[in-house]
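Asker: What shape does this take:
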Amino acid sequence: MFISQNFSPPREETLYDLAELFKIFGDSTRIRILFALFDAEINVGALADALNMTQSAVSHQLKILKQSKLVGSRREGKSMIYFLADDHVRTIIQQGLDHIEE
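Answerer: Numbering: from 1, shown residues only. Next up, the predicted model:
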């Protein structure tokens, strides 16, 4: 494999952040939550029901996803509504699926 002389690797801090991002995708429960949010904004209770999990377990994973900027939220009355933060999340997952299905 030939690496161009113009190749300049990202800064160490950037590489660390990238590795941390991929660690988040290393948990199948978090992936299930992200898939549930692909087409709908949803509250914790509905997510827990859809995934057959406790609200506490879903809330814990949502906190991690939110800290990683993969999921966003907004308050609607007494409920927090969760959604994918942006289309990059969908793209990362789709690229991963494409890769493993080759």
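Asker: Only C-alpha atoms from now on, for both contacts and neighbour counts.
Answerer: Will do.
Asker: Give me the below-cutoff pLDDT ranges for the protein.
Answerer: Scanning the chain with the threshold set as pLDDT under 70 gives 1-5.
Asker: list the contacts for the most centrally placed residue in it?
Answerer: In the chain, the residue lying closest to the centroid (CA atoms, centre = their mean) is Leu70, at 4.4 Å. Each residue near Leu70 by CA atoms under 8 Å, 6 or more residues apart in numbering is listed here: Leu84, Ala85, Asp86, Val89.
Asker: Relative to Asn43, how far out is it?
Answerer: In this structure, Leu70 and Asn43 are 16 Å apart, going by CA to CA, to the nearest Å.
Asker: just how off-centre is stretch 75-92 within its chain?
Answerer: With CA atoms, centre = their mean, to the nearest Å as the basis, stretch 75-92 stands 10 Å off its chain's centre.
Asker: Report the buried residues of it.
Answerer: For stretch 75-92, burial by neighbour count (16 or more other CA atoms under 10 Å) applies to Ile81, Tyr82, Phe83, Leu84, Ala85, Val89, Arg90.
Asker: That concludes my questions; thank you for your assistance.
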